[in-house]
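Student: Below are the sequence and a predicted model for it; my questions follow.
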Amino acid sequence: MTRTTSPDAQRFDTLLVANRGEIACRVMRTARRMGLRTVAVYSDADANARHVREADEAVRLGPAAARESYLNVAAVVEAARRTNAGAIHPGYGFLSENGAFVEALDAAGITFVGPPASAIAAMGDKSAAKARMHDAGVPLVPGYHGEGQDDALLRDEADRIGYPVLLKASAGGGGKGMRVVESSDGFQAALDGCRRESRSAFGDDRMLIEKYLVQPRHVEVQVFCDAHGHGVYLFERDCSVQRRHQKVLEEAPAPGMTEELRREMGEAAVRAAREIGYVGAGTVEFLLDVDGSFYFMEMNTRLQVEHPVTEMITGQDLVEWQLRVAMGERLPLAQDELTISGHSFEARLYAEDPEQDFLPATGTLSRFAMDLAGAGLEAKRVRLDSGVETGDVVSMHYDPMLAKLIVHGDDRAQALATLNRALAALDVRGVVTNRGFLQRLATHPDFRDAKLDTRFIERHEDTLFAERRVAPEDYAAAALIGLHQLARECESDSPWDRHDGFRLNAPHTIRIALCAPELSQGPAQDADDAESVTVVEGKREGQGSPWQLTLNGQDLSATYAATLEPLEGDAVAVTLDGHRRRLQARRDDNVVVMVDPRRETRLFWRRIDAIDHGHHEAESTLTAPMHGTVVALLVEAGARVEKGMPLMVMEAMKMEHTMTAPADGHVESFHFAAGDTVGQGDVLLAFAADE
Ligand code: ADP
């Protein structure tokens, strides 16, 4: 069962990466640099994914479902055989901590880039792992991890430990089968619940009990061992900012560490790894209590999602280390040759909607890019590890993480400033992401002051999630961007061909309705009636002169003299009553997305009418104000109508628009029928006004 990674392990020239997304791309990047041939594997959902496009060769595993593709041991081994791959890198997730997979590779003579199966097994069971860690002198959270599983015994142990305690499934993972118990009275019910959950998730209901730390930080140590008996630690990462036990923002080094604590934790982590005969990259997770005590939590026997922050501060490529160790080489550096330089953060960009309980989002990325130069950022300080590119489809089959944004600074403050600017410079369109949430986290005063613990998000729910009120300046800026766009579209046409009442060099007024994008998806509503809609009226004397903006919405009315100046790329400068602000302005259909280093604001906008002070008012409603569908024709072609009579209804972004007769007259013909799609500016019907 044990695989002996011998010091003279086989070198390999072809590496198969048994994973997808950003980690597959990231591993292949290093492998290519080291002169290895790269092989990707893919499911039907990923046939054209970025990791497949970037690989030298790629082999189909099976249908989209992970069970039938990325988790299919036989298919992965077969893919390695077909391509003569000498080694397999598992990435994280999927088969990365699967002992049976490692054994299958051993049997097939393929090198597993990771630890021996025996080391994975040793850490697979929480209770057994704790017992071994105890023997190795690694500090544990006070608790109980014995064999006896009698209800009464467990309750006595909990009483002895003292409340609150945390019940954990021995076989657990991913936060399942875990419950906080506040008092002896509630113990039995919690135990029953945990056992049920654990039985159904892991087919095993053994429990362990830990003292529940009220304000711990999650601090983990990166360790590395080779097959020659050497082990080092590459310092620590703080991953305290978690939602439902899932990490969101990580950093290295952990703020507030002393050299002494760093060495103690590092050495304890290396002891933990040695105890189980570890080889390769591993992470030992600790809880760090407010008093500086630290306790072993678990060891992840693989490369972590957040490994890049360690690479940034040490200047080392951990995947290169993994591959060298797998080839039987010695560790590239000794402990005293490793140093920390500066500070690094990682933010995980997910396709999900934090405002809707982090519901995963899908769609086509109409754009995915980052303009470093435009944001004044240095390429060596910012790294975007992504598994997607513009045009890619985000499906619901896998983890919704799109990319990781990793930054480096000379110190924590500089790195944090860079993180915020880099988040603002990300240009993601077509799919909802958690970018705005990341910005709120990263600009939070407590985060800036490194007041971190694992309940950070929970504690700051109010400010991180509360339905944020859009500031009047943001409504004005969004309206201004909309007005500017209408003006540009108009300027590129001959003004005389237009029927929407927009006239150059003449005083005119345009009204725009703005609301949160979610609302525009709701039931059809009349923008003017809905409380949540803000109407902005823009007026100006002529091209080039400032706009006079009047805002009207719930609890909101304001006026501004406003100008907009396009800068390079998507950047614009918006000036409201002499206050100039620079931001990135992007359009995603009819949603305007404005991003500055502090926040992302998304507003759905549409033009709701045009009042021309010239002569063209009569024709103003006969063109489609935006891309949409015709819902109904309300009169017959040829019908005589009076001014203001409804003629036709169209729908766009789930809002209905009624086209009314611009004057007394008759409809000569309709150019579209119910159900037809119309483009913005299409003439909808031919109308003849009475003489
Ligand atoms: P899983 O394997 O299910 O991810 P872990 O044992 O790694 O579970 O714990 C996950 C998270 O739960 C930790 O990162 C920490 O935030 C919290 N946690 C775990 N043990 C304790 C404890 N004894 N006291 C307080 N929080 C804990």
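Tutor: Good, I have the coordinates. Residues are numbered from 1 along each chain as shown.
Student: CA only for contacts and neighbour counts going forward, please
Tutor: Fine.
Student: Show me what from the stretch 151-300 of the chain comes close to the ligand.
Tutor: 166, 172-176, 210-214, 218, 245, 297-298 (C-alpha under 6 Å from any ligand atom).
Student: Would you list the buried entries among those?
Tutor: Leu166, Gly172, Gly173, Lys176, Glu210, Lys211, Tyr212, Leu213, His218, Met297, Glu298 (16 or more other C-alpha atoms under 10 Å).
Student: which one among those residues gets closest to Val309?
Tutor: His218 (15.1 Å; C-alpha to C-alpha).
Student: pretty sure that closest one is in a helix, no?
Tutor: No - judged by DSSP: H, G, I helix; E, B strand; the rest coil, His218 forms no part of a helix; its state is strand.
Student: and the gap between Val593 and Val431?
Tutor: Counting by C-alpha to C-alpha, to the nearest Å, the separation of Val593 from Val431 is 12 Å.
Student: quick one: common contacting residues for those two?
Tutor: Any residue near both Val593 and Val431 by C-alpha atoms under 8 Å, 6 or more residues apart in numbering counts here, and not one turns up.
Student: Shouldn't Val470 be within a helix?
Tutor: No - remark: Val470 does not belong to a helix; assigned using three-state DSSP, it is coil.
Student: residues touching His218, list them.
Tutor: When contacts are counted by C-alpha under 8 Å, 6+ apart, His218 touches Asp238, Cys239, Ser240, Glu285, Phe286, Leu287, Leu288, Asp453, Thr454.
Student: Pick out whichever of those sits closest to the ligand.
Tutor: Thr454 (4.9 Å; C-alpha to the nearest ligand atom).
Student: Pretty sure the closest one sits in a strand.
Tutor: No - the assignment for Thr454 (three-state DSSP) gives coil, which keeps it out of a strand.
Student: The closest residue to it other than its chain neighbours is in what secondary structure piece?
Tutor: Nearest in space to Thr454, with sequence neighbours left out and distances taken as C-alpha to C-alpha, 6 or more residues apart in numbering, is Ser240 at 4.5 Å. Using DSSP states H and E, the secondary-structure element containing Ser240 is strand 231-243.
Student: That strand pairs with which strands, and in what direction?
Tutor: Each strand paired with strand 231-243, and its direction, by DSSP bridges: strand 217-225 (antiparallel), strand 246-252 (antiparallel).
Student: Packed most tightly, which of those would that be?
Tutor: Using mean count of other C-alpha atoms under 10 Å, the stretch among these with the greatest mean number of neighbours is strand 217-225 (a mean of 26).
Student: Distance to Val138 added to the contacts of His218, as a markdown table?
Tutor: Conversion of the contacts of His218 to a markdown table gives the following (distance: C-alpha to C-alpha, whole Å):
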| residue | distance to Val138 |
| --- | --- |
| Asp238 | 19 |
| Cys239 | 20 |
| Ser240 | 21 |
| Glu285 | 12 |
| Phe286 | 10 |
| Leu287 | 12 |
| Leu288 | 13 |
| Asp453 | 22 |
| Thr454 | 22 |
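Student: Mind giving me the PyMOL command for buried ones among the residues you listed?
Tutor: A single PyMOL command is used to select the members of the contacts of His218 judged buried by 16+ other C-alpha under 10 Å:
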select buried, resi 238+239+240+285+286+287+288+453+454
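Student: Report the two of the contacts of His218 separated the most.
Tutor: Using C-alpha to C-alpha, the two most remote members of the contacts of His218 are Glu285 and Asp453, lying 14.2 Å apart.
Student: Surely Thr509 touches Arg540?
Tutor: Yes - taking C-alpha atoms under 8 Å as the contact criterion, Thr509 and Arg540 are neighbours in contact, 7.0 Å apart.
Student: residues in the stretch 451-600 of the chain within reach of the ligand, list them.
Tutor: Residues of the stretch 451-600 of the chain lying near the ligand by C-alpha under 6 Å from any ligand atom: Thr454.
Student: which residues of the stretch 451-600 of the chain fall in strands?
Tutor: Counting by DSSP state E, counting those that start in this stretch, the stretch 451-600 of the chain forms strands over residues 508-515, 534-540, 547-553, 556-566, 571-576, 579-588, 591-596, 599-612, given from the N-terminal end onward.
Student: Comparing the ones you listed, which comes out most buried?
Tutor: Of all those, strand 534-540 has the most neighbours on average by mean count of other C-alpha under 10 Å, namely a mean of 24.
Student: so what strands line up beside that strand?
Tutor: Take DSSP bridges as the rule and strand 534-540 pairs in its sheet with strand 508-515 (antiparallel), strand 547-553 (antiparallel).
Student: tell me, which of these is the model least confident about?
Tutor: The minimum mean pLDDT among those belongs to strand 508-515 (a mean of 80).
Student: what about dumping the CA coordinates of it to CSV?
Tutor: In CSV, the C-alpha atoms belonging to strand 508-515 read as follows (Å, rounded to 0.1, in the frame of the first residue of the first chain):
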residue,chain,number,x,y,z
HIS,A,508,-33.0,69.2,-25.6
THR,A,509,-34.0,67.0,-22.7
ILE,A,510,-33.6,63.2,-22.4
ARG,A,511,-35.0,61.1,-19.6
ILE,A,512,-33.3,58.0,-18.4
ALA,A,513,-34.6,55.5,-15.8
LEU,A,514,-32.1,53.7,-13.6
CYS,A,515,-32.6,50.8,-11.3
